[in-house]
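Student: fold the following and give me the result.
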Amino acid sequence: MSGLLSDVTQACIDNHLKHVPQYIFQDVRDAIEYVHGSGSFHNAVIAKPERYIEPNPHLAVYLHELRKAGKRVSIYLYACVCVCVCVCVFLVLGVRASI
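Tutor: Predicted structure coming up:
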């Protein structure tokens, strides 16, 4: 969450928007709770993953190497990281769109 907070705060600074850090914290926390609780964003990503996730040509090789080394690999963890990045992008673009 700290990266998301800093990105939103930086977007406000870069766009010369008056902001109150406590409000940014509350809004970001509420947004994360809503997105994870409702499943709405997860469903949007599942419906059109190409809109939210850039393919990584090195991922398959990396995951294969982990499995060869005896590591247990969870694609769920990778998906969670992708969704968190997407939420960050979504919120920062939302701030820019509201200018």
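
Student: where does Tyr23 land in three-state SS?
Tutor: Using DSSP: H, G, I helix; E, B strand; the rest coil, the three-state assignment for Tyr23 comes out as helix.

Student: quick one: it from Ser6, how far?
Tutor: 15 Å (Cβ to Cβ, to the nearest Å). Every residue, glycine included, has its C-beta placed from N, CA and C.

Student: swap in Val45?
Tutor: 23 Å.

Student: for the residue nearest to Phe25 when sequence neighbours are not counted, which residues are in contact?
Tutor: Among residues not flanking Phe25 along the chain, Leu5 sits closest, at 6.3 Å (Cβ to Cβ, 6 or more residues apart in numbering). Residues near Leu5 by Cβ atoms under 8 Å, 6 or more residues apart in numbering: Ile24, Phe25, Val28.

Student: from those, list just the buried residues.
Tutor: When the contacts of Leu5 are checked for burial by 16 or more other Cβ atoms under 10 Å, the buried set is Ile24, Val28.

Student: out of the contacts of Leu5, which comes closest to Lys71?
Tutor: Closest approach to Lys71 among the contacts of Leu5 (Cβ to Cβ): Val28, at 32.6 Å.

Student: now the strand or helix carrying Gln26: buried residues?
Tutor: Per DSSP states H and E, Gln26 falls inside helix 21-38. Buried residues in helix 21-38, counting neighbours by 16+ other Cβ under 10 Å, are found at Ile24, Asp27, Val28, Ala31, Ile32, Val35.

Student: okay, Asn42: pLDDT?
Tutor: Small correction: residue 42 is His, not Asn. Listed pLDDT for His42 reads 76.

Student: let me redo that: Asp14
Tutor: With respect to pLDDT, Asp14 scores 91.
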